[in-house]
Each structure stands twice: as C-alpha cells, then as structure tokens.
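# requesting a structural model of the entry that follows:
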Amino acid sequence: MNIATSKRLEGIGEYYFSQKLREIDELNKQGKQVINLGIGSPDLPPHPEVIKTLQDESAKHNVHAYQNYKGSPVLRTAVADWYGKWYGVSLNPDTEILPLIGSKEGIMHICMTYLNEGDKVLVPNPGYPTYRSAVKLAGGTCVDYELKEENNWYPDFEALDQLVGQGGFKLMWVNYPQMPTGKLPEKALFEKLVAFGKKHQLLICHDNPYSFILNESPSSLLSVEGAKEVAIELNSLSKSQNMAGWRVGMLVGSKERIDEVLRFKSNMDSGMFLPVQLAAAKALSLGKDWYDSVNAVYAARRRKVFELLDLLDCVYDKTQAGMFVWAKIPAGYKNGFALSDEILYNANVFITPGGIFGNAGDPYIRVSLCSPEEKLTDSIKRVKEHQAAQVAK
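Predicted structure coming up:
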C-alpha cells in the first residue's frame, strides 16, 4: 500500500546524527569500536540529591496523575529563583515561565505558534539544524544570516537591516553562547538584538542552553531593558544539570508570549511527570560548587581535545564556551566532512563535520567534550597511529 507522506516533510531529511549513529553501529558490529566524539550528550550524572528527590517522590502514591499544562508551581518558582540568582532577570513564576519537555520541543512550539505559510525567519548559519527543520515544518521560509569568524560569529546588523527591510519576516533565531562556534555574548550584542527586534517588529527567539558550561558569567537576553517586549528565551537542564535524558526545559518571556505558546502546547502534550519536575526544581537550587565541579571535568577534557586538534593541524579559539570545541580544518581537505570521514574510517574516531550546521560551517569540525579523558587519550593514540601509517606509505 502506497501512502504518501505530507508535503510538510518535503525537504526535511532524517536528522544527521540519527543517520550517522546507525552507520557507527554497523561499524561497531564489524568490531571497529568507534569512539564517538560527535554528539553533546552529557555522560556525567546529575547531582545525587536530584536523583534522590526523583526516587523519593516517585515512591509516593499520589504523584502519577496528569499534571498541569503550565507545570508545577514548585518548578516554576525554582526557575524564577534561578533566573534571578544567576542572570539577574526578574520573572513572574505564575505568568512568565512555561516548563517544556526539553527546549527542543519549545523550538517547534514557537514555530507552530507564530508562523503562517511563507513567513520568513532569520536562521543562523552555522547554527543548530533544528531551527531550520522546525521553521520548514511549520510552513515558514528559512532565510540564512551568515555568521563569520572575522565578525566574531556575531550577526552583521547592517546587512540584516537591508534584508529584513524587504518585508515578510516574523522571527529571528539566535543562540549565545553560540552553538556550534562556542562564541560568548557581550552585553552590547544582546542590546543590539533587542533594538533590532523593536525596529523591525521581529520576535527574537534566544536559545540559551550552554550559558553555564565553561563560562564564568552566565547571561540571558532578557537581562536587557525592554527585552520582554520583543524576545523570548529557551533554556534547559540538559547541559547545565546533566539531565539530557530527563527532558526538562523552559520557555521564559512576557505573559502574552507564554499564553500564546501555551495555546499550541496544551493541544500537543501534557505536563511532565511530577517527580521529574520536583527533581528539576532541586537541580536548579544547586550552588556554584555544582557548576564548578562540572566545569572542572570539562576543562580537563577540553585540554585533551586541544591536543587532538593540534595533531590534526586545526586552528581554534581557546576562549570558546559550551561542551564542544569548534575548529577550522587545515588546507588540503575539501571540507569538514572529508576530514571527519578520514578519521572515522581510518582511526575509528568520529568527529562532527561543521557543514551539518550550514554551509558556512563547511571548513570546520566540532568535537564534543562528553567523553571521559581516557577515551580522548585513546582517540589521540588512534589518530597518531593512522598518521604514522600514512607516513609509512
């Protein structure tokens, strides 16, 4: 029986990592034992008290029912306190916070809430591929704005003024600390984004899951005066709290924006399991010692990744934040895909080609910090062996 898929799936391919992981599985079945330095899935556990909270709350008899679509007041209050403490942003827990089943869900909810067929959306290149697919699935039209190394991976606002002046634009996706480049934001950048949104009546959608990783000064776009008038922000416990598989995120913004997105979200899912929400609230209450302990591990791993990149003759910025290292490939390779494939098939080490984040990422690769130092050391050893074999030829 031939059943056609919907037109909205036209041009939407399978997520790159979904496809690549299957290939790696096949290589492993052949005995290759590939070391995966691609995906940013934290391998460290949450704080023990977070796990204990989940265990204790799950054992109660009255926590297994459907939950409020807006999430538990306990979690919303914890989010408000977290934003106040770390970002200096005041949020009303009753009206300006919407818990999500992961911030990736929120990207889709935002696009479905605001986009009509043909509405234009500014999407960073390089940038997180889900922005592009969510816009397309919602019927919108993606318009790239290129981020360039020579411009510190910041938008070119003069070029954007001319582009948006053509009309038809509804949203702009931004993400700082930027993924995949690891570029940290300055307050001046956030101020320019808010001013740009006001000037062009654009909703600025800031995706902010990496602000605590290898960064001493976490910041929020909403800390800029007047930001709530034109901006909303997604955040997540996946990276900062090592809770990727728990699927806990949040959307924060003005009451008007939260109510609008809730109209869509409430028709798509129900609230999260209450013990998960209460454990997430516990995670958000953790102090600086927690973040310091996590970052100490990532800092040690990053030093190993620098060794690997030096071995590959790549060029990189040592000040970048987040749980990846973004690096420019050496001359002699067509693009990051070529270098990635060479290392995968000859050294059994997988690193992410920058081109999956947009064609502006073609001359780059990205290495994840989500593997123990032992595996990173083994990766260095494998690459050295491959290079020695090449020389011997």
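# so which residues make contact with stretch 358-366?
Stretch 358-366 has contacts (CB atoms under 8 Å, 6 or more residues apart in numbering) with 38, 124-127, 144, 146-148, 180, 314, 324-329, 335-337, 339-340, 351-355, 357. Heads up, the C-betas are built off the backbone N, CA and C, glycines and all.
# revised request: answer the last question for stretch 157-165.
With contacts defined as CB under 8 Å, 6+ apart, stretch 157-165 is touched by L122, V143, Y145, K192, F196, K199, H200, L202.
# switch to 10 Å and redo it
Outside stretch 157-165, the residues that touch it by CB atoms under 10 Å, 6 or more residues apart in numbering are 120, 122, 143-146, 156, 169, 172, 189, 192-193, 195-196, 199-202.
# can you report how many residues lie near N267?
9 (other CB atoms under 10 Å).
# that older thread, show me which of the contacts of stretch 358-366 are buried.
Among the contacts of stretch 358-366, those classed as buried by neighbour count (16 or more other CB atoms under 10 Å) are 38, 124-127, 144, 147, 180, 314, 324-329, 335-337, 339-340, 351-355, 357.
# can you flag which of those residues belong to helices?
G336, F337, L339, S340 (DSSP state H).
# mind giving me the PyMOL select for the contacts of stretch 157-165, buried ones only?
Remark: buried members of the contacts of stretch 157-165, expressed as a PyMOL selection using 16+ other CB under 10 Å:
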select buried, resi 120+122+143+144+145+169+172+189+192+193+196+200+202
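# so which residues of the stretch 1-150 of the chain form strands?
Taking DSSP state E, counting those that start in this stretch to define them, one finds strands in the stretch 1-150 of the chain at 35-36, 97-100, 120-125, 141-146.
# so for the third one, mean pLDDT?
Think strand 120-125. Taken as a whole, strand 120-125 has a mean pLDDT of 98.
# in the sheet, which strands lie alongside it, parallel or antiparallel?
If you go by DSSP bridges, strand 120-125 pairs up with strand 141-146 (parallel), strand 169-174 (parallel).
# so can I have TSV of the strands of the stretch 1-150 of the chain showing distance to G84?
Converted to TSV, the strands of the stretch 1-150 of the chain look like this (distance: least, CB to CB, whole Å):
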stretch	distance to G84
strand 35-36	38
strand 97-100	12
strand 120-125	28
strand 141-146	32
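# can you tell me which of those is nearest to K85?
Ranking the strands of the stretch 1-150 of the chain by proximity to K85 (CB to CB) places strand 97-100 first, at 14.5 Å.
# buried residues in the longest helix along the chain, which are they?
The residue-count maximum for a helix in the chain (DSSP H) belongs to helix 288-311. Going by neighbour count (16+ other CB under 10 Å), the buried part of helix 288-311 is W290, Y291, V294, N295, Y298, R301, R302, K304, V305, F306, L308, L309.
# show me what it packs onto, helices and strands only.
For helix 288-311, the packing partners by 3 or more CB pairs under 10 Å, 6 or more residues apart in numbering; DSSP states H and E come out as strand 315-316, strand 324-328, strand 364-368, helix 373-392.
# tilt between that helix and strand 324-328?
If you take axes from the mean of the first three to the mean of the last three CA atoms, to 10 degrees, helix 288-311 sits at 30 degrees to strand 324-328.
# send me helix 288-311 as PDB with only the CA atoms.
What follows is helix 288-311, C-alpha atoms only, in PDB (Å, rounded to 0.1, in the frame of the first residue of the first chain):
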ATOM      1  CA  LYS A 288      28.200  27.500  42.500                       C
ATOM      2  CA  ASP A 289      30.100  24.400  43.700                       C
ATOM      3  CA  TRP A 290      28.000  22.200  41.400                       C
ATOM      4  CA  TYR A 291      28.800  24.300  38.300                       C
ATOM      5  CA  ASP A 292      32.500  24.500  39.300                       C
ATOM      6  CA  SER A 293      32.700  20.700  39.700                       C
ATOM      7  CA  VAL A 294      31.100  20.100  36.300                       C
ATOM      8  CA  ASN A 295      33.300  22.700  34.600                       C
ATOM      9  CA  ALA A 296      36.500  21.300  36.100                       C
ATOM     10  CA  VAL A 297      35.800  18.000  34.300                       C
ATOM     11  CA  TYR A 298      35.000  19.700  31.000                       C
ATOM     12  CA  ALA A 299      38.100  21.900  31.300                       C
ATOM     13  CA  ALA A 300      40.400  18.900  31.700                       C
ATOM     14  CA  ARG A 301      38.700  17.200  28.700                       C
ATOM     15  CA  ARG A 302      39.000  20.300  26.600                       C
ATOM     16  CA  ARG A 303      42.800  20.300  27.100                       C
ATOM     17  CA  LYS A 304      42.800  16.800  25.700                       C
ATOM     18  CA  VAL A 305      40.600  17.900  22.700                       C
ATOM     19  CA  PHE A 306      43.100  20.700  22.100                       C
ATOM     20  CA  GLU A 307      45.800  18.000  21.800                       C
ATOM     21  CA  LEU A 308      43.700  16.100  19.300                       C
ATOM     22  CA  LEU A 309      43.100  19.200  17.200                       C
ATOM     23  CA  ASP A 310      46.700  20.200  17.300                       C
ATOM     24  CA  LEU A 311      47.500  16.700  15.900                       C
END
